[in-house]
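Asks: this is a predicted model, with the sequence first.
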Amino acid sequence: MIRSAAVVNYAPEKNSVEIREINKPEIGEEDVLLEVANVGVCGSDLHQWTADHSWPVNYPVVLGHEFGGHIAEVGSRVKRWKEGDRVVSETAAIINPDSPMSRAGLYNLDPDRKGFGYGVNGAMTKYVRVPARCLHYVPDQLSFEQACLTEPCCVAYNAIVENSRIKPGDRVIVLGPGTIGILCAAVAKLCGADVAVVGLEADTHRLNIARQYGCEPIIGDATEWAKRKDGLGADFIIDAAGASITLKIALQLVRPNGHITKVGWGPQPLGFSLDPLVQKNVTLQGSFSHNWPIWEKVISLLASGNLDVKPIIGGVWPITEWHEAFEKMHKGEVVKSVLKPV
């Protein structure tokens, strides 16, 4: 039996993550066995490590849902794929194909959905079992170090294009210069928007990376930028921070009849009035995950170079050095850490 090193979240208590040896998965007839080339570290991986997440986890579980690699084996009923294909995988490892959401193509919103890295074993290891329906081709010109970040790019595309429908000339403020925040800003720039990214003093390094995407970095209060045009506020606020309190800031910065899209998780109770939402006639939109057509568009953007993720990649670490990769992201020293199985 082939065994490989894996980054395992084994209990709900803080810091319950360690390297374990696991067996190579067995695949079903509609699955492929994917040999992982690279896997990105997501903020949700960090939240499970620090035990401040707000979603159920099936412990013990291998972390990692941003991944790509080569197909090593194919199930007996898999027709489209073959060994050696370069692919990335969506995150919806388990869905109910008969649910109304899945039948509408919105399987990302299926209540029975379970994802890699919390619901089933993820990709921070050498081999991962993947349903063939989750796969997308990766063009040869796109490296796996970049292709493994297709997933967070899809989160950003869904938030900006599908759920916010940002247009050329819109003024957009992104709260939170993490991976999702910076990618939301980058996609908003592709839509022709004027974009500012807001963070804290400790986020200076990450805000400078946002500047590379043509965005204006702001430390602290963004009121002046929001009201610079006509005194009313920004057209769109993208709340990509991992705290609930930023929604209060969003309500202060958005213009009347404006739009707030919340893509960042924040488990804390709000503790403030939503009356400004009513008074300003503001639309508050949640944005979660992504689906098949979004993945196809994002892969095209990455392959063409129109969306470049290289500026956010802070380094590539072997799986065995996961702790350093996690720490550097957690401390804000890098925007995105990428791991490579050994």
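Replies: Arrived safely. Predicted model, so just to flag it, every value in this text is computed and none were measured.
Asks: surely residue 20 touches residue 8?
Replies: Yes: using C-beta atoms under 8 Å, residue 20 makes contact with residue 8 at a distance of 4.6 Å. Backbone N, C-alpha and C define where each C-beta goes, glycine included.
Asks: secondary structure class for the residue nearest the centre of the chain?
Replies: When C-alpha atoms, centre = their mean is applied to the chain, the residue found nearest the centroid is residue 152 (3.0 Å). Assigned by DSSP: H, G, I helix; E, B strand; the rest coil, the conformation of residue 152 is helix.
Asks: hmm, it is touching residue 40, no?
Replies: Yes: the pair residue 152 / residue 40 is scored as a contact, 6.9 Å apart, by C-beta under 8 Å.
Asks: identify the contacts common to those two.
Replies: Shared contacts of residue 152 and residue 40 (C-beta atoms under 8 Å, 6 or more residues apart in numbering): 66, 336.
Asks: helices along the chain, start to end?
Replies: 43-50, 100-103, 144-147, 150-157, 179-190, 204-212, 223-226, 246-253, 275-279, 292-304, 322-330 (DSSP state H).
Asks: contacts for the last one?
Replies: Which is helix 322-330. If you take C-beta under 8 Å, 6+ apart as the criterion, helix 322-330 is touched by 7, 17, 19, 41, 43, 45-46, 49-50, 124, 314-315, 317, 334-339.
Asks: among these, which ones are buried?
Replies: Buried residues within those, counting neighbours by 16 or more other C-beta atoms under 10 Å: 7, 17, 41, 43, 45-46, 49, 124, 314, 317, 334-339.
Asks: give me the subset of those residues lying in strands.
Replies: If you go by DSSP state E, the buried ones among the contacts of helix 322-330 have 7, 17, 314, 317, 336-339 in strands.
Asks: in these, find the pair that's most separated.
Replies: Using C-beta to C-beta, those span at most 19.3 Å, a distance reached by 17 and 314.
Asks: quick check: beta-bridge partners of residue 173?
Replies: Note on residue 173: beta-bridge partners residue 196, residue 237, judged by DSSP bridges.
Asks: just the strands in the stretch 51-200 of the chain please.
Replies: 61-62, 66-74, 86-89, 92-94, 114-115, 127-131, 135-137, 171-175, 194-199 (DSSP state E, counting those that start in this stretch).
Asks: distance check, residue 130 against residue 269.
Replies: Separation of residue 130 from residue 269 (C-beta to C-beta, to the nearest Å): 37 Å.
Asks: swap that for residue 171, please
Replies: According to C-beta to C-beta, residue 171 and residue 269 sit 30 Å apart.
Asks: then residue 216?
Replies: Counting by C-beta to C-beta, the separation of residue 216 from residue 269 is 32 Å.
Asks: and those two? Which one has more around it.
Replies: Neighbour tally, residue 216 and residue 269, criterion other C-beta atoms under 10 Å: the higher count belongs to residue 216, 16 against 7.
Asks: how close does that one get to residue 333?
Replies: Residue 216 is 23 Å from residue 333, by C-beta to C-beta.
Asks: try residue 254
Replies: Distance of residue 254 to residue 333, given as C-beta to C-beta: 31 Å.
Asks: out of these two, which sits in the busier spot?
Replies: Neighbours per residue (other C-beta under 10 Å) separate residue 254 from residue 333, with residue 254 holding more: 25 against 13.
Asks: pull the contacting residues for that one.
Replies: Neighbouring residues of residue 254 by C-beta under 8 Å, 6+ apart: 226, 233-237, 260, 280, 282.
Asks: most neighbours among the residues you listed, which one?
Replies: Most neighbours among the contacts of residue 254, by other C-beta under 10 Å: residue 237, with 31 neighbours.
Asks: surely it touches residue 260?
Replies: Yes: between residue 237 and residue 260 there is a contact under C-beta under 8 Å: 4.7 Å.
Asks: who touches both of these two?
Replies: Common neighbours of residue 237 and residue 260 (C-beta under 8 Å, 6+ apart) are 250, 254.
Asks: as CSV, could you dump the C-alpha coordinates of stretch 257-270?
Replies: Listed next in CSV are the C-alpha coordinates belonging to stretch 257-270 (Å, rounded to 0.1, in the frame of the first residue of the first chain):
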residue,chain,number,x,y,z
ASN,A,257,-28.8,52.9,-3.5
GLY,A,258,-25.4,51.3,-3.5
HIS,A,259,-24.4,47.7,-3.2
ILE,A,260,-22.5,45.6,-0.6
THR,A,261,-21.3,42.2,-1.4
LYS,A,262,-20.1,40.1,1.5
VAL,A,263,-17.7,37.3,0.6
GLY,A,264,-15.6,37.2,3.8
TRP,A,265,-16.6,34.9,6.7
GLY,A,266,-17.1,36.5,10.1
PRO,A,267,-18.6,34.3,12.8
GLN,A,268,-18.9,37.1,15.4
PRO,A,269,-22.3,38.5,16.3
LEU,A,270,-22.9,41.9,14.6
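Asks: which parts of that stretch are buried?
Replies: Buried residues in stretch 257-270, counted by 16+ other C-beta under 10 Å: 258-266.
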